[in-house]
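Trainee: next input, structure requested:
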Amino acid sequence: MLSRTAFRAVQSRSFSSSAARQTKVAVLGAGGGIGQPLSLLLKLDPHVTALSLYDIRGAPGVAADVSHIDSASHVTGYPADKLDEALKDVKVVVIPAGVPRKPGMTRDDLFNTNASIVRDLAAAIARVSPEAHILVISNPVNSTVPIVAETLKKAGVFDPRRLFGVTTLDVVRAARFLGEITNADPKETVVTVVGGHSGATIVPLLSQTPFGKAIKGEAYEKIVHRIQYGGDEVVKAKDGAGSATLSMAYAGAKFANALLRGLSGEKGVVTPTFVKSPLFEDQGVEFFSSDVELGVNGVENILPLGNLTPEEQALLDACIPDLKKNIEKGKAFVA
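Mentor: From the prediction side, this is the model:
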């Protein structure tokens with residue numbers, strides 16, 4: 001069991017200790033497999049002043065549990081009929097709500113159920129907290145982010161600087177998997193992952209990290225496949241009992257912390273995220289994940305991809321058609 005000192009050391013490595021500007025954060029879907037550990041991790045984030053937890057069931061209990069943790073933020077749980085109250089005065093909304101993947105399911109198989117959930121939550125955000133920054137975890141992200149955008153547009157409150165698809169789990173997996181095969185600390189093997197957040201739309205730019213440049217041939221193909229389909233590995237290992245919840249909660253909290261640091265005025269906060277992007281608009285792709293500089297307005301700068309190897313260009317060429325279809329599917333759902 002970790003001592004308090006050891007636990008704080010682990011915590012400090014995961015989250016910035018700077019809290020120049022604290023803020024209220026809402027988690028919509030706080031009672032679920034991702035929502036519960038995500039709420040725990042956000043309770044540890046020093047930037048969070050207040051944590052608002054909502055779900056159709058279980059959120060008050062999760063809130064009571066998490067509220068006993070000895071960090072300064074205040075926690076409140078809201079039942080199904082109190083969504084508007086849960087969203088009042090929030091600065092950041094994180095949405096993990098939805099059904100999880102089961103064996104044999106792709107992220108697109110989740111579409112019909114999760115699309116309706118995300119649309120209705122987005123409509124509530126537009127009504128109650130139209131200036132909130134929205135972090136979408138609910139899958140399929142390639143389609144749910146456009147659903148949120150179209151819903152906000154209908155309400156006349158869409159600001160592309162404030163809408164993010166959380167693709168951080170792909171980045172976390174890439175660093176971990178590359179660290180494993182190179183016997184390096186994952187902190188030293190950070191990989192920019194671009195494109196989307198499912199299967200072939202996930203494009204790891206391994207050549208842009210020193211450790212990744214040396215990966216060739218079959219080893220390259222294996223790690224790319226594992227990064228793209230790492231979620232299947234977890235679904236299979238859980239034998240039908242769930243999908244990637246703990247690692248996704250960690251990734252969601254990690255991205256939320258990056259955004260909160262940017263919103264607080266910290267400079268140089270850059271991480272991949274799925275946003276409205278000009279990078280491939282000429283090919284009909286309105287949203288794309290790439291390195292984004294985060295700041296006081298949310299999205300401050302969308303960075304170019306840089307030089308790609310022929311292998312990475314091939315991955316990108318395969319990504320674009322699928323990603324375009326996913327985005328159009330989300331937009332059509334709202335239309």
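Trainee: going forward, measure contacts between C-alpha atoms and count neighbours the same way
Mentor: OK.
Trainee: buried residues of the longest helix seen in the chain, list them for me.
Mentor: In the chain, taking DSSP state H as the definition, the longest helix is helix 310-334. Applying a neighbour-count criterion of 16 or more other Cα atoms under 10 Å, one finds 312, 315-316, 319-320, 322-324, 326-331, 333-334 buried in helix 310-334.
Trainee: over to stretch 87-97?
Mentor: For stretch 87-97, by 16+ other Cα under 10 Å, it's 87, 89-97.
Trainee: now the helices for this protein?
Mentor: Using DSSP H, helices in the chain cover 4-14, 35-44, 59-66, 83-87, 111-128, 141-155, 168-182, 210-213, 217-228, 230-237, 246-263, 310-334.
Trainee: quick one: average pLDDT of the fifth one?
Mentor: In other words, helix 111-128. Regarding helix 111-128, the rounded mean pLDDT is 95.
Trainee: against which helices or strands is it packed?
Mentor: helix 83-87, helix 141-155, helix 310-334 (3 or more Cα pairs under 8 Å, 6 or more residues apart in numbering; DSSP states H and E).
Trainee: what of the fourth one?
Mentor: Under the contact definition 3+ Cα pairs under 8 Å, 6+ apart, helix 83-87 sits against strand 48-54, strand 74-78, helix 111-128.
Trainee: list of residues touching the last one?
Mentor: In this case it means helix 111-128. Residues outside helix 111-128 that contact it (Cα atoms under 8 Å, 6 or more residues apart in numbering) are 28, 83-84, 87-88, 95, 97-99, 132, 138-140, 143-144, 147-148, 151-152, 155, 157, 330, 333-334.
Trainee: ditto for the second one
Mentor: Contacts of strand 74-78 with the rest of the structure, by Cα under 8 Å, 6+ apart, involve 49-55, 59-64, 66-67, 85-86.
Trainee: swap in 7 Å and give it another go.
Mentor: With contact meaning Cα atoms under 7 Å, 6 or more residues apart in numbering, strand 74-78 is reached by 49-55, 59-60, 63, 67, 86.
Trainee: report the two of these separated the most.
Mentor: 49 and 55 (20.2 Å; Cα to Cα).
Trainee: the two - which one has more neighbours?
Mentor: Set residue 49 next to residue 55 and count neighbours by other Cα atoms under 10 Å: residue 55 wins out with 24 against 18.
Trainee: list the contacts of that one.
Mentor: Residue 55 sits next to 28-31, 78-80 when contact means Cα under 7 Å, 6+ apart.
Trainee: rewinding a little: the helices and strands packed on helix 111-128: which one's closest to residue 190?
Mentor: Residue 190 lies closest, by Cα to Cα, to one member of the helices and strands packed on helix 111-128: helix 310-334, at 16.5 Å.
Trainee: packing partners for the closest one?
Mentor: The elements that helix 310-334 packs onto, with contact taken as 3 or more Cα pairs under 7 Å, 6 or more residues apart in numbering; DSSP states H and E, are helix 141-155.
Trainee: can I get the helix it packs on in PDB, CA atoms only?
Mentor: The C-alpha trace of helix 141-155 is given here as PDB (Å, rounded to 0.1, in the frame of the first residue of the first chain):
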ATOM      1  CA  VAL A 141     -15.600  10.200 -31.100                       C
ATOM      2  CA  ASN A 142     -15.100  10.700 -34.900                       C
ATOM      3  CA  SER A 143     -18.900  11.100 -35.100                       C
ATOM      4  CA  THR A 144     -19.900  12.300 -31.600                       C
ATOM      5  CA  VAL A 145     -17.800  15.500 -31.800                       C
ATOM      6  CA  PRO A 146     -19.500  16.500 -35.100                       C
ATOM      7  CA  ILE A 147     -22.900  15.800 -33.400                       C
ATOM      8  CA  VAL A 148     -22.000  18.200 -30.600                       C
ATOM      9  CA  ALA A 149     -20.900  20.800 -33.100                       C
ATOM     10  CA  GLU A 150     -24.100  20.600 -35.100                       C
ATOM     11  CA  THR A 151     -26.200  20.700 -32.000                       C
ATOM     12  CA  LEU A 152     -24.400  23.800 -30.800                       C
ATOM     13  CA  LYS A 153     -24.700  25.400 -34.200                       C
ATOM     14  CA  LYS A 154     -28.500  24.900 -34.100                       C
ATOM     15  CA  ALA A 155     -28.500  26.700 -30.800                       C
END
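Trainee: quick one: that helix to helix 310-334, angle?
Mentor: Helix 141-155 and helix 310-334 are oriented at 40 degrees to each other (axes from the mean of the first three to the mean of the last three Cα atoms, to 10 degrees).
Trainee: got a list of contacts for helix 141-155?
Mentor: Under Cα under 7 Å, 6+ apart, the answer for helix 141-155 is 115, 118-119, 122-123, 126, 136, 138, 158, 165, 196-197, 323, 326-327, 329-331, 334.
Trainee: for the record, mean pLDDT for that helix?
Mentor: Here the average pLDDT along helix 141-155 is 97.
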